[in-house]
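Asks: 3D model of this:
(2 chains)
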Amino acid sequence: GNSVTQMEGPVTLSEEAFLTINCTYTATGYPSLFWYVQYPGEGLQLLLKATKADDKGSNKGFEATYRKETTSFHLEKGSVQVSDSAVYFCALSGGTSGSRLTFGEGTQLTVNP
Amino acid sequence: GAGVSQSPSNKVTEKGKDVELRCDPISGHTALYWYRQSLGQGLEFLIYFQGNSAPDKSGLPSDRFSAERTGGSVSTLTIQRTQQEDSAVYLCASRRPGEAEKLFFGSGTQLSVL
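Replies: Have a look, this model is predicted:
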């Protein structure tokens, strides 16, 4: 079946630092890949997505590239802000998952001023 | 309302009691999902509704768990004879027709079984 593995957290950075959160996946077929974010006290929301190999999803300064050869979808941001503090979830859909999303464990990011 | 609404936001119950969790999806969203988020764990899929039918209920962990959806809108997740391992945040999400990937999540129900 499909699965998603995220880097172990939590991650603590200083403001303006570079962020990478690793995500790798196992799937049959050609899944779509996503990053969801959960800000404190709020529901999860879609941050960005990529639907085919080599696509780059981007939003709010965050980027992730769909790498089929390494089955990865790492999240990056060049300069984080305190307001980026949240839990980030990598996810995939399609293949044997059908219409459901399969999520990773989530990575807690804390950005200090 | 503008978003997915879940109630109650917190529920504390005694082991062995039944609980009902409610989800009001965004109007017009035909698909509805239930997930469970346990401490230190990722989101665990429970069940998916398309309209009032549930084509995928493979994630329900035992026959103590059931869910229904009526009128293509409100959904109720019922847990019978609750156990301590049922303690988790139960999340509901909905999506528009044709947008298979963009789920809108509620803030969840924190269930604590004592």
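Asks: from here on, just use CA atoms for contacts and neighbour counts.
Replies: Fine.
Asks: and residue B:111, what is it in contact with?
Replies: By Cα atoms under 8 Å, 6 or more residues apart in numbering or on different chains, residue B:111 lies in contact with B:10-13, B:86-90.
Asks: helix, strand, or coil at residue A:88?
Replies: strand (DSSP: H, G, I helix; E, B strand; the rest coil).
Asks: okay, and the beta partners of the nearest residue to it once chain neighbours are set aside?
Replies: Nearest in space to residue A:88, with sequence neighbours left out and distances taken as Cα to Cα, 6 or more residues apart in numbering or on different chains, is residue A:37 at 4.6 Å. The residues listed as beta-bridge partners of residue A:37 by DSSP bridges are residue A:45, residue A:88.
Asks: now do the same for residue 51: its pLDDT.
Replies: Since you didn't name a chain, this refers to chain A. Model confidence at residue A:51, given as pLDDT, is 91.
Asks: please refer instead to chain B.
Replies: Looking at residue B:51, its pLDDT reads 91.
Asks: so who does whatever residue of chain A ends up closest to chain B touch?
Replies: With distances taken as Cα to the nearest Cα, chain A approaches chain B most closely at residue A:105, which sits 3.5 Å away. The neighbours of residue A:105, taking Cα under 8 Å, 6+ apart as the test, are A:4-6, A:89, B:40-43.
Asks: still on that earlier bit, for the contacts of residue B:111, pick the one with the most neighbours.
Replies: residue B:90 (25 neighbours; other Cα atoms under 10 Å in any protein chain shown).
Asks: any regions of chain A where pLDDT drops low?
Replies: A:95-98 (pLDDT under 70).
Asks: that one: helices as residue ranges?
Replies: Using DSSP state H, no helices are found in chain A.
Asks: without its sequence neighbours, what residue ends up closest to residue 54?
Replies: Here I'm looking at chain A. Of all residues not flanking residue A:54 in the chain, residue A:66 sits nearest, at 5.1 Å (Cα to Cα, 6+ apart).
Asks: ah, no, chain B please
Replies: Once its chain neighbours are removed from consideration, residue B:54 has its nearest residue in residue B:48; the separation is 5.7 Å (Cα to Cα, 6+ apart).
Asks: how many residues are close by the one you found?
Replies: Residue crowding around residue B:48 was assessed by other Cα under 10 Å; the count is 25.
Asks: and the contacts of the helix or strand containing it?
Replies: For residue B:48, the enclosing helix or strand under DSSP states H and E is strand B:43-50. Here strand B:43-50 makes contact (Cα under 8 Å, 6+ apart) with A:100-105, B:30-37, B:54-61, B:67, B:69.
Asks: can you pull out the strands in chain A?
Replies: A:3-6, A:11-14, A:19-21, A:23-26, A:32-38, A:45-50, A:56-59, A:62-65, A:75-77, A:86-93, A:101-103, A:107-112 (DSSP state E).
Asks: tabulate the ones you listed (JSON lines), appending distance to residue B:102 and mean neighbour count.
Replies: Below are those laid out as JSON lines (distance: least, Cα to Cα, whole Å; neighbours: other Cα atoms under 10 Å in any protein chain shown):
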{"stretch": "strand A:3-6", "distance to residue B:102": "18", "mean neighbour count": "20"}
{"stretch": "strand A:11-14", "distance to residue B:102": "26", "mean neighbour count": "15"}
{"stretch": "strand A:19-21", "distance to residue B:102": "21", "mean neighbour count": "18"}
{"stretch": "strand A:23-26", "distance to residue B:102": "19", "mean neighbour count": "19"}
{"stretch": "strand A:32-38", "distance to residue B:102": "9", "mean neighbour count": "23"}
{"stretch": "strand A:45-50", "distance to residue B:102": "6", "mean neighbour count": "21"}
{"stretch": "strand A:56-59", "distance to residue B:102": "14", "mean neighbour count": "16"}
{"stretch": "strand A:62-65", "distance to residue B:102": "17", "mean neighbour count": "21"}
{"stretch": "strand A:75-77", "distance to residue B:102": "18", "mean neighbour count": "20"}
{"stretch": "strand A:86-93", "distance to residue B:102": "10", "mean neighbour count": "26"}
{"stretch": "strand A:101-103", "distance to residue B:102": "10", "mean neighbour count": "25"}
{"stretch": "strand A:107-112", "distance to residue B:102": "20", "mean neighbour count": "19"}
